[in-house]
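[1] what follows is a protein structure lacking sequence information:
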Ligand SMILES: O=C(CO)COP(=O)(O)O
């Protein structure tokens, strides 16, 4: 298991699902089901579409919920003539604690390269938002056995120019593209292999303290029935959950690490 200093993080990436009314109902269901014991054990975060954030903020603030929230993307810029973009400043003003940077769907469909991802990581940090940096290889790279080198290159690119103090503030999510939305989950051993290599890279790039501090998540077809084996790995500190986070009952079970009750 993770060292106690690294509290497990379960983040639900809703992707382009749930409108602002559905979002409120969804967060209420999570709040109703999750107990104080759950929140002591695991940090629970939702990452809804931009249009839901105000509603989620209002609900979380009004009812003092322990559920955190954040966005799925942000601009590298802080303001200006960038039609359609949302800045870190705007997200910080809405109380966002987290933001994804470099999700594989952004890399794939919006041509985000490591330099852009690096700009987004820095933009988030400028506004005291924790970037969840997404990395991971596609199937051809995995088949060639280059998954570790490929993923570590993405880590290097995303962290370029960050000080040790800044690096300590980030979260990294290893999401092998071949496991996203496919139902094909990486084995706990696969997840550990790459998450462990990422942690070693953090020690090389910075120092042991950074490596010990940064939480590394696994994402890709996480479900209640496979989270326990994944989270049991020493270098896996939580999950980035896509499809299964859209079902509140399933997501609560995942937040309970696949166990039946909150204990
Ligand atoms: O992309 C993901 C989370 O960011 C994973 O998605 P799935 O859980 O639907 O495979």
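    Sure, I can see it. Since the model is a prediction, treat every value here as computed from it, not as a measurement.
[2] how many neighbours does the nearest residue to residue 175 once chain neighbours are set aside have?
    Take residue 175 and drop its neighbours on the chain: the residue closest to it by C-beta to C-beta, 6 or more residues apart in numbering is residue 219, 3.8 Å away. Quick note: C-beta positions are derived from backbone N, CA and C, even for glycine. Using other C-beta atoms under 10 Å, residue 219 has 27 other residues around it.
[3] wait, residue 197 touches residue 147, no?
    No - here residue 197 does not reach residue 147: they are 9.2 Å apart, not a contact under C-beta atoms under 8 Å.
[4] list the contacts for the residue of the chain at minimum distance from the ligand?
    The nearest approach of the chain to the ligand comes at residue 242, 2.2 Å away (C-beta to the nearest ligand atom). If you count contacts by C-beta atoms under 8 Å, 6 or more residues apart in numbering, residue 242 has them with 13, 15, 180, 181, 219, 222.
[5] phi first, then psi, for it.
    When read as degrees, to the nearest 10, the backbone of residue 242 gives phi -90, psi -100.
[6] check what pLDDT it gets.
    Residue 242 carries a pLDDT score of 97 in this model.
[7] and the gap between it and residue 112?
    Distance from residue 242 to residue 112, counting by C-beta to C-beta, to the nearest Å: 18 Å.
[8] just residue 202 next, same as before
    22 Å.
[9] so which of the two has more stuff around it?
    residue 202 (24 against 21).
[10] tell me the secondary structure for the more buried one?
    At residue 202 the chain is in helix, as set by DSSP: H, G, I helix; E, B strand; the rest coil.
[11] list the contacts of it.
    By C-beta under 8 Å, 6+ apart, the contact list for residue 202 reads 155, 167, 210, 211, 214.
[12] ok, those residues vs residue 57, which is closest?
    residue 214 (26.6 Å; C-beta to C-beta).
[13] residues near the closest one, how many?
    Neighbours of residue 214 (other C-beta under 10 Å): 21.
[14] chain neighbours aside, what residue packs nearest to it?
    residue 202 (5.7 Å).
[15] let me see the confidence value for that neighbour.
    Confidence score, pLDDT, at residue 202: 98.
[16] ok, residue 247 next?
    So, for residue 247, pLDDT stands at 98.
[17] list the contacts for the residue nearest to residue 168 when sequence neighbours are not counted?
    Nearest residue to residue 168, sequence neighbours excluded (C-beta to C-beta, 6+ apart): residue 213, at 4.8 Å. By C-beta under 8 Å, 6+ apart, the contact set of residue 213 is 5, 6, 168.
[18] need the phi and psi values for the last one.
    Right, residue 168. Residue torsions, per degrees, to the nearest 10, at residue 168 are phi -60, psi -20.
[19] and it, how close does it get to residue 28?
    Taking C-beta to C-beta, one finds residue 168 at 34 Å from residue 28.
[20] can you list the low-confidence ranges for this protein?
    Counting by pLDDT under 70, the chain shows low-confidence ranges at 1-4, 260-263.
[21] residues from the stretch 51-200 of the chain in reach of the ligand?
    103, 175, 180, 181 (C-beta under 6 Å from any ligand atom).
[22] next, the last one: secondary structure please.
    So that's residue 181. Residue 181 - assigned by three-state DSSP - is coil.
[23] and it, how many neighbours does it have?
    12.
[24] hmm, it is touching residue 222, no?
    No - counting by C-beta under 8 Å, residue 181 does not reach residue 222; the two are 11.2 Å apart.
[25] strands of the chain, start to end?
    9-13, 43-47, 68-71, 98-101, 130-135, 171-174, 215-219, 238-241 (DSSP state E).
[26] state the distance from the residue of the chain positioned farthest from its centre to residue 75.
    Distance to the chain centre peaks in the chain at residue 81, reaching 28.5 Å (criterion: C-alpha atoms, centre = their mean). Between residue 81 and residue 75 the computed distance is 11 Å (C-beta to C-beta).
[27] repeat for residue 184
    33 Å.
[28] those two: which is more packed in?
    residue 75 (19 against 12).
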